[in-house]
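In: can you look at this prediction? I've put the sequence above it.
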Amino acid sequence: MPETLHKTPIAIVDEDQSPLSLPITTAFYPPLFMLPEMFTPAQMDARMDAGVTTFAHDIPPNFQRDMLAGRKPAIQLNVDATRIGQALTATHMCRQ
């Protein structure tokens, strides 16, 4: 059975910084998650490699522009699978 998320560390890489990406960056809050912190892609990779961050969302550049143009830009979710219970819980939550 997957773990319950509680104060899970999450990082956000908002390469778009648009009005559309703002609600995504603020959608993660306690008690499930620690308050999200904003990072660059290089910082996110280093934190994931060090095991400091369990989840990281990467919102691509031009996300809002592509959405408004009818394209389907993808938001990348990076998961530290060494915390397998939390990884399973979060990926299940993302599918819903």
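Out: Thanks, I have the structure now.

In: show me where this structure has strands.
Out: Assigned by DSSP state E, the chain shows strands spanning 10-14, 37-38, 55-59, 76-79.

In: closest one to F28 among the ones you listed?
Out: For F28, the closest of those is strand 10-14, at 5.2 Å, according to Cβ to Cβ. Any C-beta I mention is one placed from the backbone N, CA and C, and that applies to glycine too.

In: how far is that closest one from where the chain is centred?
Out: The chain centre lies 5 Å from the centre of strand 10-14; the measure is Cα atoms, centre = their mean, to the nearest Å.

In: then stretch 36-56?
Out: On Cα atoms, centre = their mean, the centre of stretch 36-56 falls 10 Å from the chain's centre.

In: distance between the ends of it?
Out: Across stretch 36-56, the terminal residues are separated by 9 Å (Cα to Cα, to the nearest Å).

In: might you list the low-confidence residue ranges for the chain?
Out: Within the chain, the segments meeting pLDDT under 70 span 1-3, 83-96.

In: try 80
Out: Applying pLDDT under 80 to the chain flags residues 1-5, 81-96.

In: what's the burial count for F63?
Out: 21 (other Cβ atoms under 10 Å).

In: show me the contacts for the residue nearest the centre of the chain.
Out: Most central in the chain under Cα atoms, centre = their mean is H57, positioned 2.4 Å from the mean C-alpha point. H57 makes contacts with I10, A11, I12, V13, I24, T25, I75, Q76, L77, N78, as judged by Cβ atoms under 8 Å, 6 or more residues apart in numbering.

In: looking at the residues you listed, which is nearest A50?
Out: A11 (11.5 Å).
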